[in-house]
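1. Using only what follows, build the 3D model:
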Amino acid sequence: MINNKNILVTGGTGSFGSIFVEYLLKNYNPKKVMIFSRDEQKQFLMEKKLQKFRKKLRFFVGDVRDLQRVEFATKNVDILIHTAAMKHVLIAEYNPFEVVKTNIIGAQNVIDACLKNNVKKVIALSTDKASSPVNIYGASKLTSDKLFIAANNYAGKSKNKFSVVRYGNVLGSKGSILPLFFKGAKNNLITITDKRMTRFNITLKESVQLVVKVINNMVGGEIFVPKIPSFRVIDFARAISSKSKIKFIGIKPGEKLHEELISVHESKNTIAYKNYYVITSNSEFFYWNKEKYLKKFGGKKCSDGFSYDSGNNEEKLNIKMLKRIIEKEAKELNLK
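-> Purely as a prediction, here's the structure:
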């Protein structure tokens with residue numbers, strides 16, 4: 001499904017995008033991998049790093065807010081992975097319409113361009129903050145998710161398919177707590193907003209492998225949610241440094257105590273599989289409703305009232321487990 005295909009990654013120089021592109025080039029044989037992003041310096045550095053794959057790479061400087069540029073970049077594309085977004089929760093709270101322009105209008109621009117240029121498979125990356133959102137970032141990503149799922153209705157009987165992958169905090173990505181806590185440990189002071197706080201955990205490599213799996217398995221209209229472990233943030237801090245002082249500073253604007261991947265309101269449309277969940281569309285106009293999905297792919301219906309959040313998650317990481325994960329990720333990120 002990936003070999004001999006033209007693949008475009010929006011936000012392709014970001015944490016996920018750069019690792020995803022490198023993974024594709026090293027493990028598959030795509031015809032061309034195209035990177036669409038705003039940062040020409042990051043593109044320059046990425047091209048130097050992947051020099052041996054230069055013939056398979058193409059770079060577009062552009063912004064998803066610019067429909068004309070997105071339309072140009074999506075010509076002759078077979079698969080598109082949409083990762084471009086404004087993601088910083090606190091900054092989003094104070095710049096709400098900038099978030100709307102990138103995360104919502106930008107998402108619709110990608111959809112319109114893909115429909116116009118007949119892109120066969122489109123996967124949009126989402127976040128646990130899109131489930132029962134309490135902040136601008138989460139609300140914008142929920143809207144984006146809805147737009148991508150609804151795009152299957154616009155596609156009609158064509159072979160264009162749109163799906164979403166929703167997962168939790170990516171350990172090692174820009175803005176994650178891993179480098180932040182390492183920095184705090186050096187100063188013998190780690191700040192945490194609330195001692196009760198929990199978060200989901202997924203590594204960059206795991207998120208990349210999940211998206212590759214979705215490329216191969218998607219039928220369009222699904223939200224894929226991985227079954228991943230969660231942890232107490234205070235345990236994460238202790239796994240990095242058992243000696244550093246911990247200071248509780250209070251929950252920031254837009255934060256939750258526990259992040260949620262599937263809300264109770266989505267449970268009636270959710271199907272459980274061994275390693276992931278699928279939230280099916282509840283649109284009366286869309287073919288792949290829950291019953292048809294179950295008949296085709298099996299799985300187990302989730303009970304009404306089911307929810308999946310980092311607080312009620314049965315798979316928890318203790319300090320010993322976290323130490324092993326942190327050691328591996330820190331080595332890859334050159335954190336000391």
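2. Can you list the low-confidence ranges for the stretch 151-300 of the chain?
-> Across the stretch 151-300 of the chain, the ranges flagged by pLDDT under 70 are 172, 174-175, 284-287.
3. quick one, strands of it?
-> 161-167, 170-171, 189-192, 198-200, 202-203, 223-226, 230-232, 245-248, 260-262, 270-272, 276-279, 300-301 (DSSP state E, counting those that start in this stretch).
4. Just put these in CSV and tack on distance to residue 109 and mean neighbour count.
-> Yep, even glycine has a C-beta here, placed from its N, CA and C like the rest. Listed next are the strands of the stretch 151-300 of the chain as CSV, based on distance: least, Cβ to Cβ, whole Å; neighbours: other Cβ atoms under 10 Å:
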stretch, distance to residue 109, mean neighbour count
strand 161-167, 14, 24
strand 170-171, 24, 25
strand 189-192, 38, 17
strand 198-200, 29, 23
strand 202-203, 28, 18
strand 223-226, 21, 23
strand 230-232, 34, 23
strand 245-248, 42, 12
strand 260-262, 27, 25
strand 270-272, 29, 20
strand 276-279, 24, 24
strand 300-301, 36, 14
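5. could you dump those to JSON lines with distance to residue 143?
-> Formatted as JSON lines, the strands of the stretch 151-300 of the chain follow (distance: least, Cβ to Cβ, whole Å):
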{"stretch": "strand 161-167", "distance to residue 143": "12"}
{"stretch": "strand 170-171", "distance to residue 143": "21"}
{"stretch": "strand 189-192", "distance to residue 143": "30"}
{"stretch": "strand 198-200", "distance to residue 143": "21"}
{"stretch": "strand 202-203", "distance to residue 143": "23"}
{"stretch": "strand 223-226", "distance to residue 143": "14"}
{"stretch": "strand 230-232", "distance to residue 143": "25"}
{"stretch": "strand 245-248", "distance to residue 143": "33"}
{"stretch": "strand 260-262", "distance to residue 143": "17"}
{"stretch": "strand 270-272", "distance to residue 143": "20"}
{"stretch": "strand 276-279", "distance to residue 143": "16"}
{"stretch": "strand 300-301", "distance to residue 143": "27"}
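6. Just tell me which of the ones you listed ends up closest to residue 121.
-> Residue 121 sits nearest to strand 161-167 of all the strands of the stretch 151-300 of the chain, at 5.3 Å, using Cβ to Cβ.
7. just to revisit the earlier point, ok, which of the strands of the stretch 151-300 of the chain comes nearest residue 311?
-> Of all the strands of the stretch 151-300 of the chain, strand 198-200 sits nearest to residue 311, with 5.2 Å by Cβ to Cβ.
8. which strands and helices sit next to that closest one?
-> Identification of packing neighbours for strand 198-200 by 3 or more Cβ pairs under 8 Å, 6 or more residues apart in numbering; DSSP states H and E yields strand 230-232, helix 233-240.
9. which one of the ones you listed is the most hemmed in?
-> For these, ranked by mean neighbour count under the definition mean count of other Cβ atoms under 10 Å, the leader is strand 230-232 at a mean of 23.
10. Which neighbouring elements make contact with that one?
-> Against strand 230-232 (3+ Cβ pairs under 8 Å, 6+ apart) you get strand 198-200.
11. hmm, who's touching the strand it packs on?
-> With contact meaning Cβ atoms under 8 Å, 6 or more residues apart in numbering, strand 198-200 is reached by 128, 167-169, 177, 228-233, 236, 257-259, 261, 310-311, 313.
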